[in-house]
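**Student:** got a structure for you, letters missing:
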C-alpha cells in the first residue's frame, strides 16, 4: 500500500516502511472522535422521589384566590363539581383536625369525625349536627351528606362521601361510621328497652343472674346502666361505678351491644342504688 503512493520515488527500506506505517496509524487514531461516557442515574434518587410523591399535597385553584377546587393529601381528597363535593377518606384514623384543615381549604366549615360503630352502622352517616354558634342552612335551602357505596367489582374501597346543597352555610359536625376494632366502644350504641342484641336469644325480662350466665357462655362481658325507657324510645339512663353489680334477682329491662365483646344491661333504679357517675357515657361504652 505505501509503496504505491508515489511511483516516482525510490523504494523504501523495510525499516523506513515500518516507521511510515506506524506514523499513519497513529494519525488515524488521533483523528477519531472520543466516545461519549454514559452515566446511569443512581437508583436511590428515583426511590427518594417516589417516597416524596406519596406525602405530597396537591391543591388546585383554577380561579386564583379563594377556595380550592381540588385538594389531595395522604389523609383525604376533595374534588368540587357543580353544586357538590366528592370526598375520599384515605386514612380513617387520622386526627380530625387534619380533616377540618382540608375542608377549610375548600371553603367548607366541617368537623368530620370517623367513629367506630356496630356492623349495622359501618359506612353510614351516623350523625349530622350544627356546630355551636353556627347559623345553619338559610331558609329554603337544603344540604345532604351521603356515603358512596363501593363499586360492584370492589367489595372493599376507601370511605367516600358526597356533599350537596348549602353545605357552605354554617358549620357542621358529621360522623361517619367505620369498622370498630375488637373491644372498641361503639359510637352508635343507643340505650333502649325493646330490641334484643343477640339474634335468637332473649335477654330482656330475664333475671340479671340468667342473663350474665348466658353472656359468659358466649364469652361476652357485661356492663350495667340504671334507668327506664318506653317502647317509643323516650326515657333516660345513667351509669354507676363500673364495679357495681345489681343483685342477681333483678330484672333486665333493656340490653344492647356496646362493643364487639360487651353487652350493656339496663335495670330499673331502686332505693339504695348508687348515685350517677358524672360524665358517664349513657351508651354504656
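**Tutor:** Ah, there it is. Just so we're clear, the structure is a prediction, and the values are computed from it rather than from any experiment.
**Student:** and after the helix or strand harbouring residue 258, which helix or strand comes next?
**Tutor:** For residue 258, the enclosing helix or strand under DSSP states H and E is strand 254-259. Later in the chain than strand 254-259, the nearest helix or strand by DSSP H and E is strand 262-267.
**Student:** by how many degrees do that following strand and strand 254-259 diverge?
**Tutor:** 160 degrees (axes from the mean of the first three to the mean of the last three Cα atoms, to 10 degrees).
**Student:** Who does strand 262-267 pair with, and is each partner parallel or antiparallel?
**Tutor:** Note on strand 262-267: by DSSP bridges, its sheet partners are strand 221-229 (parallel), strand 254-259 (antiparallel).
**Student:** most tightly surrounded among those strands?
**Tutor:** Mean neighbours per residue, mean count of other Cβ atoms under 10 Å, is largest over the strands paired with strand 262-267 for strand 254-259, with a mean of 24. Every residue, glycine included, has its C-beta placed from N, CA and C.
**Student:** of all the strands paired with strand 262-267, which lies closest to residue 82?
**Tutor:** Nearest to residue 82, of all the strands paired with strand 262-267, is strand 254-259, at 41.9 Å by Cβ to Cβ.
**Student:** Checking my notes, residue 103 in a helix, right?
**Tutor:** Yes - checked against DSSP: H, G, I helix; E, B strand; the rest coil, residue 103 lies within a helix.
**Student:** For the chain, name the helix or strand with the lowest mean pLDDT.
**Tutor:** helix 43-54 (a mean of 30; mean pLDDT, DSSP states H and E).
**Student:** follow-up on the earlier one: for the strand holding residue 258, the averaged confidence score.
**Tutor:** Average pLDDT, strand 254-259: 94.
**Student:** now residue 114, nearest residue through space, not along the chain?
**Tutor:** residue 92 (4.6 Å; Cβ to Cβ, 6 or more residues apart in numbering).
**Student:** neighbours around that neighbour, how many?
**Tutor:** 16 (other Cβ atoms under 10 Å).
**Student:** how about it, what does it touch?
**Tutor:** Residue 92 makes contact with 114, 159, 178 under the criterion Cβ atoms under 8 Å, 6 or more residues apart in numbering.
**Student:** what's the distance between the first one and residue 276?
**Tutor:** In this structure, residue 114 lies at 30 Å from residue 276, with Cβ to Cβ, to the nearest Å as the measure.
**Student:** How many neighbouring residues does residue 112 have?
**Tutor:** Neighbours around residue 112, by other Cβ under 10 Å: 22.
**Student:** What strand or helix carries it?
**Tutor:** strand 110-117.
**Student:** just checking, next helix/strand downstream of that strand?
**Tutor:** Using DSSP H and E, the helix or strand that follows strand 110-117 in sequence is strand 125-130.
**Student:** Partner strands of that next one, with direction?
**Tutor:** With DSSP bridges as the test, strand 125-130 pairs up with strand 172-179 (antiparallel).
**Student:** top of the contacts of residue 92 by neighbour count?
**Tutor:** Going by other Cβ under 10 Å, residue 159 tops those with 21 neighbours.
**Student:** Contacts only, for that residue.
**Tutor:** For residue 159, counting by Cβ under 8 Å, 6+ apart, the contacting residues are 88-89, 92, 114, 123, 147, 176, 178.
**Student:** what does residue 77 give?
**Tutor:** Contacts of residue 77 (Cβ under 8 Å, 6+ apart): 70-71, 87-88, 90.
**Student:** can you list the domain ranges for this protein.
**Tutor:** 55-179, 189-285 (automatic domain parsing).
**Student:** Between the ones you listed, which has the poorest mean confidence score?
**Tutor:** domain 55-179 - the lowest mean pLDDT of the domains of the chain, at a mean of 82.
**Student:** any idea which of the contacts of residue 77 is closest to residue 183?
**Tutor:** Using Cβ to Cβ, the contacts of residue 77 come closest to residue 183 at residue 90, 25.4 Å.
**Student:** still on that earlier bit, and the residue nearest to residue 114, how far from residue 227?
**Tutor:** From residue 92 to residue 227 the distance is 32 Å (Cβ to Cβ).
**Student:** With residue 234 instead?
**Tutor:** 11 Å.
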